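Participant: Need coordinates for the below:
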Amino acid sequence: FAHRGRQFAGWCRLISDEARRKSAAWAHWAKHRALWAADTFKRQCVATERAAAAGAEEFLEKTARRVGPAAGRASQAAAALGPAAWPACRLLAALSRAADAASFPVERRLRRLLAPRVCWAGEVTLIGDVIVPRGCTLSVEPGTIVRAARPAAEELGIERQAFGRRLLATAGRQARLVVFGTLELRGRSGREISFEGPAWGGIVLLGRGRLRAARTRLGSLLALDSSRATLARCELPGGAAAGGDARLSLRGCLFRGAVRAISAHDDAIVRACDCAAQGCGWGLVLEGSARASWRGGACEASTEAGAALSGRAQLAVTAARWGAQTRGFFMQGLSRLVLSRCLLRQNGLGVELQGRSRAALDQCEIVGGEHGLWLQNQSRARCRGGVWDGAGIGARASHETLLELVGGRFRACRKAALYVEDNGAARARGAEFSGNENAALCLNAAWLRLSLCALDSNRDTAVWGDYRSCLDVRHNAFTGNGKDVYREYRPIYE
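Facilitator: The predicted structure is shown next:
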């Protein structure tokens, strides 16, 4: 009996513990359900209140437009009737004041969704996020000034959630112009459009949003999804970014002081022509499978890099100036770079390749800097023509890389015109190495094939190689060098 009693007591404790756990779980679920219901009801109330306010404003505007002129004439007639018409006079005066308040003055304060077609002119003040819905068009006339007022917390993000989209790029308590439809900015020379104010967060394109802008100071631009943007002669101190399947077309735009002048990721495509990036952290950043082309213009004085590529990004630069930067071009992953007729001046490192990246340089000029071209970790580069003038090391290949030189002139390099090390390989054909202060060609456990090249007036040594290097020299001209070929012991193949 005692044993049975102990068993029964244990069963009772188990049952009570299970009941306690289930009751706690039910209480926790009920609490969170109540909080969720209260939050949902609050959001619905706020949305309903804003929709009602927008409807009331539209009704008041339409009523004022219809009643305003008639109210003025009726008030004059009623005043002539005497004291019997005073109540009617008061009603008509109220209607007249409502008409005056509803008529749009030069400065407007907007905090709602826009109508199907809206035109802004003069001065406009934005309070919170303003949305251009899908199928709607917003046109901004020349000389318009759009200012963003400091919004309240409840005026940010509600419309974005209503449209089924949560923006991860929102910055603090800043107002943005979110475009699902079409935005047209029609600035002209001398009558530019300006978006300004400490609370201005920039323009965001979502869905199939479209932007056409000319002669406008935008601040910043973010294009996502399948949006499209075409900008001409615009100024973007906050930079432009594209993601998803977006397309950016930039012509004659200025980026000054931005953290990233132009950035693209995913499958975005950017086309820039005659643009200028000055004093930015990063001039051009490409990630994922993004593609970009840059023609003309300049990228100067970037603190980090003029262009940075990663993933499978692709970049083609033609007839542009890249100067006074820590790194001109930085590549990693499986990225691709094509440079044609470009000038790289006084960069700490002109072009740096890492990983399995690939680069092709055609008729480029690299002046000054510590390294003109540096290949690392199985990267590949092909250079056709061009000039390397006054660099510390003209071209450097290390760690199982391959460098091909077809033509080109290397002159006045301070340390070495071509330096190959750590199982790197290089092939030079028809190149000219002249007036270099140290060794023109330097090999350290590397492989070099040299044919139809001219090596003249190099102060120290034309070709220097250690005992672990492989050197293949055929049909070259050596004139006026300190030493033509210097070897540590005997190369494996000569």
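
Participant: tell me which strands and helices the helix or strand containing residue 339 is in contact with?
Facilitator: According to DSSP states H and E, residue 339 maps onto strand 336-340. Helices and strands touching strand 336-340, by 3 or more CB pairs under 8 Å, 6 or more residues apart in numbering; DSSP states H and E, are strand 314-318, strand 327-331, strand 349-353, strand 358-362. Backbone N, C-alpha and C define where each C-beta goes, glycine included.

Participant: Tell me how many other residues crowd the residue lying closest to residue 268 once chain neighbours are set aside.
Facilitator: Excluding the flanking residues, the one nearest residue 268 by CB to CB, 6 or more residues apart in numbering is residue 242, at 3.8 Å. Neighbours of residue 242 under the rule other CB atoms under 10 Å: 28.

Participant: Read off the pLDDT value for residue 242.
Facilitator: As predicted, residue 242 sits at a pLDDT of 95.

Participant: Relative to residue 262, how far out is it?
Facilitator: Relative to residue 262, residue 242 is positioned 8 Å away (criterion: CB to CB, to the nearest Å).

Participant: what do those two both touch?
Facilitator: Shared contacts of residue 242 and residue 262 (CB atoms under 8 Å, 6 or more residues apart in numbering): 248, 270.

Participant: Can you mark which positions in stretch 257-272 are buried?
Facilitator: Residues 258, 260-265, 268-272 are the ones in stretch 257-272 that count as buried (16 or more other CB atoms under 10 Å).

Participant: now do stretch 22-40
Facilitator: Here stretch 22-40 shows no buried residue, counting by 16+ other CB under 10 Å.

Participant: if we can go back for a sec, mind listing residues that contact the strand holding residue 339?
Facilitator: 309, 312-319, 329, 331, 351, 353, 357-364.

Participant: Narrow those to just the buried residues.
Facilitator: Among these, those classed as buried by neighbour count (16+ other CB under 10 Å) are 309, 313-317, 329, 331, 351, 353, 357-364.

Participant: Low-confidence regions, the stretch 351-494 of the chain specifically.
Facilitator: Scanning the stretch 351-494 of the chain for pLDDT under 70 picks out the ranges 487-494.

Participant: And the helices in it, which stretches?
Facilitator: With DSSP state H, counting those that start in this stretch, there are no helices along the stretch 351-494 of the chain.

Participant: So the residue nearest to residue 268 sits against residue 260, correct?
Facilitator: No: look at residue 242 against residue 260 with CB atoms under 8 Å: they stay out of range, at 11.3 Å.

Participant: Give me the subset of the buried residues of stretch 257-272 lying in strands.
Facilitator: 260-264, 269-272 (DSSP state E).

Participant: Mind putting these into a markdown table with pLDDT and distance to residue 40?
Facilitator: Listed next are these as a markdown table, based on pLDDT from 0 to 100; distance: CB to CB, whole Å:
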| residue | pLDDT | distance to residue 40 |
| --- | --- | --- |
| 260 | 94 | 38 |
| 261 | 95 | 42 |
| 262 | 96 | 40 |
| 263 | 96 | 36 |
| 264 | 96 | 37 |
| 269 | 96 | 40 |
| 270 | 97 | 40 |
| 271 | 97 | 44 |
| 272 | 97 | 45 |
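
Participant: give me the element residue 238 is part of.
Facilitator: Counting by DSSP H and E, residue 238 is part of no helix or strand.

Participant: Okay, residue 182 and residue 481: tell me how far apart.
Facilitator: Going from residue 182 to residue 481 by CB to CB gives 67 Å.

Participant: Name every strand pairing with the host helix or strand of residue 148 and say which way it goes.
Facilitator: Residue 148 belongs to strand 145-149 when assigned by DSSP H and E. Here strand 145-149 is paired, per DSSP bridges, with strand 123-127 (parallel), strand 193-196 (parallel).

Participant: I'd like to know which of those has the weakest mean confidence.
Facilitator: Mean pLDDT is lowest for strand 123-127 among the strands paired with strand 145-149, at a mean of 86.

Participant: so what's residue 300 up against?
Facilitator: Residue 300 makes contact with 276-279, 321-325, according to CB under 8 Å, 6+ apart.

Participant: from these, which ones fall inside strands?
Facilitator: Counting by DSSP E, the part of those found in strands is 276-278, 321-323.

Participant: Distance to residue 174 added to those, as a markdown table?
Facilitator: Formatted as a markdown table, the ones in strands among the contacts of residue 300 follow (distance: CB to CB, whole Å):
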| residue | distance to residue 174 |
| --- | --- |
| 276 | 26 |
| 277 | 23 |
| 278 | 24 |
| 321 | 34 |
| 322 | 32 |
| 323 | 33 |
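
Participant: Of the strands paired with strand 145-149, which is nearest residue 283?
Facilitator: Nearest to residue 283 among the strands paired with strand 145-149 is strand 193-196 (22.9 Å), distances taken as CB to CB.

Participant: which residues pair with the nearest residue to residue 200 once chain neighbours are set aside across the strands?
Facilitator: Spatially, and ignoring its direct neighbours in sequence, residue 200 is nearest to residue 148 (3.9 Å; CB to CB, 6+ apart). Using DSSP bridges, the beta-bridge partners of residue 148 come out as residue 126.

Participant: how close does residue 148 get to residue 126?
Facilitator: Counting by CB to CB, the gap from residue 148 to residue 126 is 5 Å.

Participant: Mutual contacts of those two, please.
Facilitator: Counting by CB under 8 Å, 6+ apart, the common neighbours of residue 148 and residue 126 are 175, 200.

Participant: Could you give the number of residues near residue 256?
Facilitator: With neighbours defined by other CB under 10 Å, the count for residue 256 comes to 15.

Participant: Now do the same contact list for it.
Facilitator: Contacts of residue 256 by CB under 8 Å, 6+ apart are 235, 237, 277-280.

Participant: If you count neighbours, what's buried in stretch 335-344?
Facilitator: 335-340, 342, 344.
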